[in-house]
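Enquirer: pasted the sequence and its predicted model underneath.
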Amino acid sequence: MENLIPFIFGADYYPEHWPEERWETDARMMREFGLDVVRIAEFAWTAMEPEDGTFTFEWLDRAIQVLSDAGLKIILGTPTAAPPAWMINKYPEVLPVDSEGRVRGFGGRHHDCQSNPTYRAYAKRIVTKMAERYGENPAVVGWQVDNELGNSHGDLCHCASCRRRFQEWLKQKYGNIDELNRCWGTAFWSQGYRDFSEIYTPAITVTGHNPSQELDWKRFCSDLICEFHEAQAKIIREKSPGRFITHNMMGFSDKVSYYDLSEQLDFAAHDQYPGGHFLPEEKQSELRYEEISSELAVIRGVKDQPFMIMEQQSSITGWEVLGRAPKPGQLALWSMQSIAHGADAVVYFRWRSCLMGTEQYWHGILSHSGIPGRNYRELKEFVTAVKPLMSEISGSRAPREAAILYSYDESYAMSIQPHHPKMRYVEHLRTFYNALHRANIPTDFMSYEGAFEEYKAIIAPLYFLTDESINRKMREYVEGGGTLVLDLRAGIKDMNNLCVPDVPLPAGLSDLAGIVVEEYDCLRGTENTAVWDGEIYSVDKWCDIIRAEDAEVLAVYGGEFYAGTPVITRNRVGKGLVYYIGTEMPDALADRFVREIRETTGLMSLGDTVRGVEIVCRDKEKKRYIFVLNHTGEEQSYPAQAGWKALTGGEDGKIGPNEYRIFETEK
């Protein structure tokens with residue numbers, strides 16, 4: 001695969017925060033550190049346009065020149081994530097409105113309604129001015145549009161402008177109001193509409209919302225963000241030819257579909273903070289390597305290609321409160337974890353710890369003093385050691401073994417009706433990912449539109465919104481020799497979020513799975529067990545009550561009135577297999593299930609390791625690059641194999657605490 005990213009290491013830098021006399025020192029130190037690129041300007045709207053129509057780009061000209069003179073390339077961020085105070089005072093309607101009707105005020109970031117025509121006009125103007133001025137500057141290699149789109153818009157926006165746009169979106173989708181009424185099931189609670197102009201956004205109401213309306217609202221919000229991004233990207237494409245466009249995504253964040261957003265990007269980017277201050281107390285010292293690797297895998301999957309890290313943790317994180325200090329070796333290890341899972345470039349957030357504002361305790365490579373310390377030395381050593389290897393590794397990708405289907409529609413639908421108070425779509429998907437990852441089996445995330453046939457096993461967790469075309473695709477995949485895994489709540493709804501009538505569950509897939517789900521039990525305040533080959537596993541949240549027809553029963557329930565009925569089944573169809581799992585599996589049961597599908601599908605494992613040690617690989621032509629990552633605080637062993645040539649460290653099968661090893665072998 002071609003290497004699309006024209007640099008390897010970088011840092012996020014904010015020259016507007018520092019005296020100009022410091023810029024040359026920072027630029028020189030960055031280059032000595034081994035950096036190739038800096039991202040700048042993504043929050044600098046006021047510095048570029050201090051009052052309406054008055055543009056002061058001269059400081060940015062000088063900053064770009066200083067950085068360029070030091071041999072650094074530039075990624076420019078468009079500043080639309082932080083509209084200035086003069087705009088808000090002049091046009092207060094730009095401010096967003098939450099679902100309770102409260103106007104969210106100025107003072108943070110993303111204090112904007114992305115449908116507001118006034119804001120759109122100002123965004124277009126500042127982006128046009130930037131692109132005209134810097135679009136063909138030889139130092140500028142690429143652009144980031146806005147910043148973390150969706151980060152601050154979870155409950156926004158419900159203003160009059162967004163209501164009108166939602167109505168227009170619905171009219172375009174459904175064509176006439178009778179079709180909308182049918183697809184939304186508005187006969188319930190007298191919710192029928194005579195015209196699209198009668199429809200509200202799903203703001204706060206007396207009782208529950210129509211789930212079909214809520215699903216369309218979430219789809220609309222995603223489309224609106226993509227449209228907002230596209231308006232800027234179009235300007236940049238025209239005025240800055242030959243430069244890439246990317247956006248810094250956030251793992252499983254689902255305000256916007258990254259599949260849709262990524263269609264506008266040359267490659268995906270991601271922000272990665274393994275030790276984030278935002279984590280709950282119980283996770284501050286927890287081994288989160290599986291969770292982090294799943295986030296990297298989902299970003300790798302949005303364009304099915306290598307990506308970049310736009311913000312990699314470089315020290316302590318913090319806003320009002322702080323996270324833990326990274327232990328010796330962790331910053332380098334986390335950086336290597338990003339590379340191992342598909343990053344071809346790593347940009348650190350940030351070069352220097354800020355002295356002001358909300359993020360003054362979000363530390364950088366340099367502390368507030370600007371004097372190099374432990375984190376600086378560790379990362380400089382890492383960059384020096386790894387940079388020469390990246391020309392070989394760049395462009396490689398994980399081999400296609402297992403894939404987990406990840407759907408924004410499914411995520412939206414399950415957030416609207418989670419069934420069990422503790423059921424979470426992403427956490428459920430991670431049950432499968434973590435078990436595969438613990439077995440060191442290469443695993444991708446991909447959309448339902450992806451190429452099923454390229455994988456030995458396709459896992460479709462919580463396939464809640466059933467679609468006839470996807471059902472056919474699943475059937476063809478299995479008949480051709482693939483292994484499909486379905487589980488609880490499969491086939492419950494149609495794509496309008498209405499329950500499917502007149503067919504047994506899982507709707508449209510019952511014959512494929514060889515089962516019928518006759519009833520189900522939401523485990524409120526209780527647990528059940530699953531029994532597999534005499535081993536007993538606790539299960540919670542949900543139990544599908546299953547009647548096996550053609551399927552073979554692998555495990556049964558151990559309790560409740562349906563004790564002895566199937567919980568996990570296997571059905572042979574054509575050349576392939578279909579598994580059905582009627583509950584949410586704990587780790588031990590998920591590990592047992594992974595052993596089962598390894599035996600039946602021949603999924604490749606890179607070796608067995610203890611908890612906290614992962615083995616990951618990337619393939620390029622005839623080469624395989626193997627990464628061993630020890631996330632524990634103790635020396636561990638790993639299964640070194642014949643033919644593994646060490647590119648870093650030794651070949652003795654030992655790895656120190658918070659260390660990494662890279663090997664090369666023939667595929």
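Expert: Yep, that arrived.
Enquirer: please count neighbours and contacts with C-alpha atoms only from this point.
Expert: Fine.
Enquirer: could you check the pLDDT of residue 650?
Expert: Looking at residue 650, its pLDDT is 84.
Enquirer: ok, now how distant is it from residue 426?
Expert: 37 Å (Cα to Cα, to the nearest Å).
Enquirer: hmm, what's the outermost residue in this structure?
Expert: residue 561 (40.0 Å; Cα atoms, centre = their mean).
Enquirer: next up, phi/psi of that one, please.
Expert: phi -70, psi -10 (degrees, to the nearest 10).
Enquirer: and what of residue 619?
Expert: Backbone torsions for residue 619, taken as degrees, to the nearest 10, come to phi -110, psi 140.
Enquirer: burial of residue 294, as a residue count?
Expert: Residue 294: 23 surrounding residues under other Cα atoms under 10 Å.
Enquirer: next up, the contacts around it.
Expert: Contacts for residue 294 (Cα atoms under 8 Å, 6 or more residues apart in numbering) come out as 430, 433-434.
Enquirer: try 6 Å this time
Expert: For residue 294, the contact set (Cα atoms under 6 Å, 6 or more residues apart in numbering) is empty.
Enquirer: how close does it sit to residue 437?
Expert: In terms of Cα to Cα, residue 294 sits 9 Å off from residue 437.
Enquirer: for the nearest residue to residue 83 once chain neighbours are set aside, give me the pLDDT.
Expert: Excluding its sequence neighbours, the residue lying closest to residue 83 (Cα to Cα, 6 or more residues apart in numbering) is residue 45, at 6.5 Å. Residue 45 is assigned 98 on the pLDDT scale.
Enquirer: my read is that residue 45 contacts residue 80, right?
Expert: No - Residue 45 is beyond contact range of residue 80, at 7.3 Å (criterion: Cα atoms under 6 Å).
Enquirer: ok, these two, which is more surrounded?
Expert: Using other Cα under 10 Å, the more surrounded residue of residue 45 and residue 80 is residue 80, with 27 against 21.
Enquirer: could you check how many residues crowd around the residue nearest to the more buried one when sequence neighbours are not counted?
Expert: For residue 80, ignoring the flanking residues on the chain, the nearest one in space by Cα to Cα, 6+ apart is residue 146 at 5.3 Å. Per other Cα under 10 Å, the neighbour tally for residue 146 reads 24.
Enquirer: surely residue 146 forms part of a helix?
Expert: No - assessed with DSSP: H, G, I helix; E, B strand; the rest coil, residue 146 is coil; it does not lie in a helix.
Enquirer: that one touches residue 83, doesn't it?
Expert: No - Residue 146 is not in contact with residue 83 according to Cα under 6 Å; the separation is 10.8 Å.
Enquirer: any idea which strand is longest in this protein?
Expert: Taking DSSP state E as the criterion, the chain has its longest strand at strand 515-532.
Enquirer: might you list the low-confidence residue ranges for this structure?
Expert: 1-2 (pLDDT under 70).
Enquirer: dump the residue contacts of the residue nearest to the spatial centre of it.
Expert: Centroid-nearest residue in the chain: residue 251, 2.0 Å away (criterion: Cα atoms, centre = their mean). By Cα under 6 Å, 6+ apart, residue 251 lies in contact with residue 295.
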